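Colleague: dropping a prediction and its sequence here:
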Amino acid sequence: MYDLKKGTLTMNENSVICSMIRNNPDDWRELMTDKLIDMGTEGDLTIFNYQAEADFSDPVVREARGIIINTKKMEVVCWPFTKFGNYYEYYADQIDWESARLLEKIDGAIVKMWFDRQKGEWRFSTNKRIVPDERYNSIIKKIQDQVDFSLLDEDYTYILELVSPMAKVVIDYLDSLFYHIGTRNNKTGKSSEPSTRLPRMKK
């Protein structure tokens, strides 16, 4: 068993959740619960997702938006977007208007595509579940051949927006599609824009 107190840490120091686990090896689960962060597990993997009533001024809460961490090896394996606020909300980030771009808003559900080194395969997860529920899983299986996996880097999380007539939010979509809306390096947390040949948001 990996011992946080004695072992050599290999966790990502850029992750505030990893830092919290490092600093509280015995009671981090209780502390997450106190912050109104839900957790789901699959073997050594834990997914973290905030509740609607959580304090979004807390960076730990904001990072808990579907991030998946191997809590034995202390590695981030899936790093999606951090929670961001609307313009009028108290925790909203300051906008750098010099570099900001306006993009189309896709009206779907966030799905993350990440590489599971234990299983040696690419996987799809939602923000709440490592294994998507039956409805989303059935849609994903039908359209995952849209992805050219040979273009993907195993050290990255690919953030997708899933739209489908079988999973309507507000807008009616005629077809089930993945839109590639973001990419993050699992080791650094930094964003990048590699090509996946999937549809992107229009400028």
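Modeller: Thanks, I have the structure now.

Colleague: got a list of what the most centrally placed residue in the chain touches?
Modeller: Centrality entry for the chain: nearest residue to the mean C-alpha point is Pro80, 2.6 Å, by CA atoms, centre = their mean. By CB atoms under 8 Å, 6 or more residues apart in numbering, the contact set of Pro80 is 65-67, 110, 112, 127, 157, 159, 182, 184. For every residue, glycine as well, the C-beta is placed using N, CA and C.

Colleague: break the chain into its domains for me.
Modeller: With domains defined by automatic domain parsing, the chain comprises 16-78, 109-185.

Colleague: quick check: which element contains the residue nearest to the centre of the chain?
Modeller: Assigned by DSSP states H and E, Pro80 falls within no helix or strand.

Colleague: before we move on, back to that, same list (the contacts of Pro80) but as CSV, adding pLDDT.
Modeller: Output for the contacts of Pro80, formatted as CSV (pLDDT from 0 to 100):
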residue, pLDDT
Arg65, 97
Gly66, 98
Ile67, 98
Ile110, 93
Lys112, 97
Asn127, 93
Thr157, 97
Ile159, 95
Gly182, 92
Arg184, 95
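
Colleague: among the domains of the chain, where is the model least confident on average?
Modeller: The minimum mean pLDDT among the domains of the chain belongs to domain 109-185 (a mean of 93).
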